[in-house]
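Chemist: kindly generate the corresponding structure for this input.
(one chain, ligands or ions: 1)
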Amino acid sequence: MSIKDVIEERKLFYLAGEETTSVLLVWTMVLLSKYPNWQARAREEVTMIFNEALRLYPPVALLLRRVHKETKLGNMIIPAGVEIALPIILVHHDYELWGENAKQFNPERFSEGISKATKGQVSFIPFGGGPRVCVGQNFALVETKMALSLILQNFSFETSSSYAHAPCSIITLQPQFGAQFILHKI
Ligand code: HEM
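Modeler: Numbers count the residues shown, from 1 in each chain. This next block holds a predicted model:
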């Protein structure tokens, strides 16, 4: 690897790693403000809560792929040059895959891990999959768990009345008008 390659990799890590992790934390706080019972439980168990936040509000909502050579996918022939969009957010909200309560915040569905929650299907892909799966996923989860644990140990929180729920995809899935919280010292 040349010095230029190292610099380019570093730039990619900054782009891929900073915004994604920060919006995961924001969406989790929005959900825990709306569901204070889970805010109390989060002080004990955060993994299933983050998985459910990643399912409902995947920081990367859409993956794009360009087909380089004619490819057979199931019973479709996809010509070279076609761009394919994989809407992670629609897969994560699909009633057939997640059941009637697909749109509801229910971290319990991850209580026995991801493969039980997905029944072995590829229906939970917040970090992508295959050869280009996110290299930072473990780091991102450790980082957000540390941040949320520190916040939960010191504060309870609720969204302020100025918060308007408007998820909006600008590279990452962001709260369009920001997320304003009221923190109470505990
Ligand atoms: C909640 C946080 C994160 C989410 C949801 C996330 C999501 C993703 C997704 C969906 C991809 C696949 C992109 C594709 O297939 O086109 C990806 C790739 C990548 N992510 Fe993350 N990411 C997160 C955090 C991080 C962090 C913290 C880092 C680095 C410190 C990072 C570094 C990367 C890199 C370098 C790639 C490209 C891997 C490759 O193409 O070989 N990500 N991420």
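Chemist: all contacts plus neighbour counts: C-alpha atoms, from now on.
Modeler: OK.
Chemist: quick check: closest non-adjacent residue to residue 167.
Modeler: In space, and not counting its chain neighbours, residue 167 is closest to residue 175: 4.7 Å by C-alpha to C-alpha, 6 or more residues apart in numbering.
Chemist: contacting residues for the one you found?
Modeler: 165-168 (C-alpha atoms under 8 Å, 6 or more residues apart in numbering).
Chemist: tell me which parts of this protein are close to the ligand?
Modeler: Neighbours of the ligand within the chain, by C-alpha under 6 Å from any ligand atom: 12-13, 16-17, 20-21, 24, 59-60, 63, 126-128, 132-137, 139-140.
Chemist: just those: which are in helices?
Modeler: Of the residues of the chain next to the ligand, the ones assigned to helices by DSSP state H are 12-13, 16-17, 20-21, 24, 137, 139-140.
Chemist: neighbour-wise, which of those residues leads?
Modeler: Within these, residue 24 tops the neighbour count with 25 neighbours, counted by other C-alpha atoms under 10 Å.
Chemist: quick one: that residue and residue 56 touch, right?
Modeler: No: counting by C-alpha atoms under 8 Å, residue 24 stays clear of residue 56, with 10.3 Å between them.
Chemist: what are the ranges of the helices in this structure?
Modeler: Using DSSP H, the helices of the chain run over 3-34, 36-42, 47-56, 88-92, 95-98, 114-118, 137-154.
Chemist: what's the spacing between the fourth one and its chain's center?
Modeler: This points to helix 88-92. 10 Å (C-alpha atoms, centre = their mean, to the nearest Å).
Chemist: what of the first one?
Modeler: Relative to the mean C-alpha coordinate of its chain, helix 3-34 is positioned 11 Å out (C-alpha atoms, centre = their mean).
Chemist: so which bits of it are buried?
Modeler: 16-17, 19-33 (16 or more other C-alpha atoms under 10 Å).
Chemist: excluding chain neighbours, what is closest to residue 115?
Modeler: residue 121 (7.7 Å).
Chemist: got the phi and psi for that neighbour?
Modeler: Taking degrees, to the nearest 10, you get phi -90, psi 160 for the backbone angles of residue 121.
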